[in-house]
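Q: Take this sequence and fold it.
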Amino acid sequence: MLQGAYQTTVQPAERAAVLDQPRVVAPARGSLARGALWLLSSHVSYAACQWAALAALAKLGSAASLGHFGLALAVATPVVMVTGFALRTVQATDVHRRYAFSDYLSVRLIANLIAAAIMGAVALAAFERAAAAILIPIGVAKLADATSETCYGLAQRHDRLRFVALSKATRGALGLMALVAVVGLGGTLEQGAWALAAAWTAFLLGIDLPAAGMLEPIFAWPDPWTLWRLARESAPLGAVNGVLAVTQSVPRYLLAVTHGAAAVGYFTAVSSLGPALDQLAGSVGHAAAARLGWAASADGERFRGLVIRLLGVATAISGTLALGAALGGRQFLAMAYTPDYATYRTALVLVIVAAGFTMMNSVSFFALVAARRPRMQLAIQCLGLVTTLAFATLLIPRFAVNGAAMALALGGAAMTAVSAYALLRGRSIGPE
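A: Predicted coordinates for the structure are as follows:
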């Protein structure tokens, strides 16, 4: 199967004949609701696996060991996001097909090398030893994940949302089983992280890349100018994702400095529900990506109407969950982790509120990508980073985990207000 997937290549002349004649692609065949349902199910499953991994690590080890795991994630995630160029989203919203999949994959593989070098340097030069041992395998796992996401962008462009859903859910389950099985059987957290990396890398090579090769050729003779142009156009979106990841990681950095690894562990566990909610918004956003791109290029009113609908869904979900956290947060934390986590109910409610703003900002991200407004999106994310950093510096030394959660909520609120105004004001939507 792998041989069949890799055997087709595109020669430069053939490639130019295709890409020099941009084609307008009609919106995806399936309805938005059906596509969102497929992606929602997979994202929920994937997020549940991520959360279950953290819950299992909290039960199997100490808060300090979970803190080391959280610090490794706080370093690896921003690096991979910055070098990822948001290629899945760019590819899914590329309705004119200006680039071949082989271009996206080539940029992704080059970016993987850069990200690996950065994470290796951080692990060697300026990182806590216990967390550094976990950083390398976590980085490998994150790079495999990012490459799979690039394959999913191609599948979305071909309206293969069912494959995306099944692949993502299966990969998440395999990673969970590998990590928890190794740690549960007496292995170290570092060994468990390597098992996670091996599972995701094997899935990429055995499933996702061969599936991509059945849709389009995955390798071509690279045109350096084309790759440079794609990287240059997508770099602002990579910066946007990177700034967002740094914003989410800033509280962990400051907690580690002011209160130690155990505080990072408690915050990592409590805040683990935030990415799960962001996965919900991401599933809807990815399903709507092609429609947003089409509407942004053709019909401003329809574009704004779709944005309002998506923001309304995000608001309703986050409000419901915040109420649930206020009513039953203490019991949930005691059952999901260990009884000592139950004292952080206030932090849980604040994290859910922050996650609600993150959901709305995720919707805004897809909308601004579709409108080809990367610089505006980058400015909004930088505002969120500065706001979060300022409040984190002020609140974390005094309020610890609760202060970290408050800083996230206030930073998210600032981004939501500005991005909603930018998208819903009366002016026309179009590229910068």
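Q: all contacts plus neighbour counts: C-alpha atoms, from now on.
A: Noted.
Q: Looks to me like residue 159 is in a strand.
A: No. Counting by DSSP: H, G, I helix; E, B strand; the rest coil, residue 159 falls outside a strand, being coil.
Q: what number of residues lie near it?
A: Using other CA atoms under 10 Å, residue 159 is surrounded by 19 other residues.
Q: What values do phi and psi take at it?
A: phi 60, psi 40 (degrees, to the nearest 10).
Q: Please save the CA atoms from stretch 257-269 in PDB.
A: Taking Å, rounded to 0.1, in the frame of the first residue of the first chain, the C-alpha atoms of stretch 257-269 are listed here in PDB:
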ATOM      1  CA  VAL A 257       9.100  30.100  38.100                       C
ATOM      2  CA  THR A 258       7.000  31.400  41.000                       C
ATOM      3  CA  HIS A 259       5.300  28.200  42.500                       C
ATOM      4  CA  GLY A 260       7.200  25.200  41.100                       C
ATOM      5  CA  ALA A 261       6.300  22.100  39.000                       C
ATOM      6  CA  ALA A 262       3.500  20.900  41.200                       C
ATOM      7  CA  ALA A 263       1.500  24.200  40.600                       C
ATOM      8  CA  VAL A 264       2.100  23.700  36.800                       C
ATOM      9  CA  GLY A 265       0.700  20.100  37.200                       C
ATOM     10  CA  TYR A 266      -2.500  21.300  38.900                       C
ATOM     11  CA  PHE A 267      -3.000  24.000  36.300                       C
ATOM     12  CA  THR A 268      -2.300  21.600  33.500                       C
ATOM     13  CA  ALA A 269      -5.000  19.200  34.700                       C
END
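Q: Only the buried residues of that stretch, if you could.
A: For stretch 257-269, the neighbour count (16 or more other CA atoms under 10 Å) marks 260, 261, 262, 263, 264, 265, 266, 267, 268, 269 as buried.
Q: Where does the fifth one sit, in terms of helix or strand?
A: Using DSSP states H and E, residue 264 falls within helix 261-270.
Q: and the buried residues of stretch 257-269 as TSV, adding distance to residue 402?
A: As requested, the buried residues of stretch 257-269 are exported to TSV (distance: CA to CA, whole Å):
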residue	distance to residue 402
260	15
261	15
262	14
263	10
264	12
265	13
266	10
267	9
268	12
269	13
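Q: which regions of this structure lie under the pLDDT threshold?
A: Applying pLDDT under 70 to the chain flags residues 1-36, 95, 126-128, 279-291, 293-300, 371-374, 426-432.
Q: can you give me the strands for it?
A: Here the chain has its strands, by DSSP state E, at 9-10, 219-220.
Q: Within its sheet, name the partner strands of the last one and how each one runs.
A: Translated: strand 219-220. Using DSSP bridges, strand 219-220 pairs in its sheet with strand 9-10 (parallel).
Q: ranges for the helices of the stretch 201-350 of the chain?
A: 209-213, 224-259, 261-270, 273-298, 300-336, 345-370 (DSSP state H, counting those that start in this stretch).
Q: which other residues reach the helix holding residue 264?
A: 54-55, 58, 62-71, 252, 255-256, 333, 337, 341, 344, 347-348, 351, 400-401, 404 (CA atoms under 8 Å, 6 or more residues apart in numbering).
Q: what does stretch 130-144 give?
A: Stretch 130-144 is contacted by residues 68-69, 71-73, 75-77, 80, 112, 116, 119-120, 123-124, 189-190, 193-194, 196-198, 200-201, 204 when judged by CA under 8 Å, 6+ apart.
Q: ok, of the residues you listed, which come out buried?
A: For the contacts of stretch 130-144, a burial check counting by 16+ other CA under 10 Å picks out 68-69, 71-73, 75-77, 80, 112, 116, 119, 123, 189-190, 193-194, 196-198, 200-201, 204.
Q: List of residues touching stretch 111-125?
A: By CA under 8 Å, 6+ apart, stretch 111-125 touches 75-76, 79-80, 83-84, 129, 132-133, 135-136, 139-140, 143.
Q: are any of those buried, and which?
A: Judged by 16+ other CA under 10 Å, buried ones among the contacts of stretch 111-125: 75-76, 79-80, 83-84, 132-133, 135-136, 139-140, 143.
Q: Could you work out the most separated pair of these?
A: Using CA to CA, the two most remote members of the buried ones among the contacts of stretch 111-125 are 84 and 133, lying 23.2 Å apart.
Q: And the longest helix belonging to the chain, what does it pack against?
A: Looking across the chain with DSSP state H, the single longest helix is helix 374-424. If you count contacts as 3 or more CA pairs under 8 Å, 6 or more residues apart in numbering; DSSP states H and E, helix 374-424 packs onto helix 224-259, helix 261-270, helix 300-336, helix 345-370.
Q: Mind exporting the C-alpha coordinates of stretch 186-197 to CSV?
A: Extracted in CSV, the C-alpha atoms of stretch 186-197 (Å, rounded to 0.1, in the frame of the first residue of the first chain):
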residue,chain,number,x,y,z
GLY,A,186,5.7,0.8,35.6
GLY,A,187,7.5,2.7,32.8
THR,A,188,8.7,6.2,33.2
LEU,A,189,6.9,9.2,31.8
GLU,A,190,9.7,9.6,29.3
GLN,A,191,9.2,6.1,28.1
GLY,A,192,5.5,6.7,27.8
ALA,A,193,6.1,9.8,25.8
TRP,A,194,8.3,7.8,23.4
ALA,A,195,5.5,5.3,23.0
LEU,A,196,3.1,8.1,22.1
ALA,A,197,5.6,9.4,19.5
